[in-house]
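A.B. asks: Dropping a prediction and its sequence here:
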Amino acid sequence: MKAVFEMELIGDDRIEYERAKRQGRITRPVSLHREIDWLRGQRRLIWPWVARITGIDERYGLAREFVRCHKDYSRANSTGSRGIYAYYILGDGIYEVNQRESWKRTRRYFIRVVEDKITEISREEVLEWLNTSSASAS
């Protein structure tokens, strides 16, 4: 059984704009006023994501597989800065979430998915799970 995890993509308009600039699809600002307002506000671009924890990685600490989301624009405002929701379909396992909670605050945390139940867990529980699963695999 799968679980569905939902999060609001605050500032998704800016994330998509920056992605298009990097890919060369945009060569100049869409709106100079919005660009100036963004730079004045010194807002940091925060990319939300959900990743399945697959093991230990020497470089990053935890090995991850990033999960693709399905976006829902039905509640979006006119600019796409609020009201866009991402839905992640998750199988059983442990996941790390990087979520923007407001314009100025983000939160990284871990969740465990068992059947269709999602539970928040601590980093210590993740490491304990990795140690027991690697010990049972040997």
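C.D. replies: Right, received. Where do you want to start?

A.B. asks: Which parts of this structure are strands?
C.D. replies: With DSSP state E as the definition, the chain shows strands at residue ranges 3-8, 49-57, 61-66, 70-72, 85-90, 93-100, 106-114, 117-121.

A.B. asks: And the average pLDDT for the fourth one is what?
C.D. replies: For strand 70-72, mean pLDDT rounds to 96.

A.B. asks: so what strands line up beside that strand?
C.D. replies: strand 85-90 (antiparallel) (DSSP bridges).

A.B. asks: buried residues in the strand it pairs with?
C.D. replies: Across strand 85-90, burial judged by 16 or more other C-beta atoms under 10 Å covers 85, 86, 88, 90. Heads up, the C-betas are built off the backbone N, CA and C, glycines and all.

A.B. asks: and the angle from it to strand 49-57?
C.D. replies: Here the directions of strand 85-90 and strand 49-57 differ by 40 degrees (axes from the mean of the first three to the mean of the last three C-alpha atoms, to 10 degrees).

A.B. asks: Can you dump the C-alpha atoms of strand 85-90 in CSV for me?
C.D. replies: Provided in CSV are the C-alpha atoms of strand 85-90 (Å, rounded to 0.1, in the frame of the first residue of the first chain):
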residue,chain,number,x,y,z
TYR,A,85,0.7,21.8,-3.6
ALA,A,86,3.1,18.9,-4.3
TYR,A,87,1.9,15.3,-3.8
TYR,A,88,4.4,12.5,-3.3
ILE,A,89,3.4,8.9,-3.6
LEU,A,90,5.5,7.0,-1.1
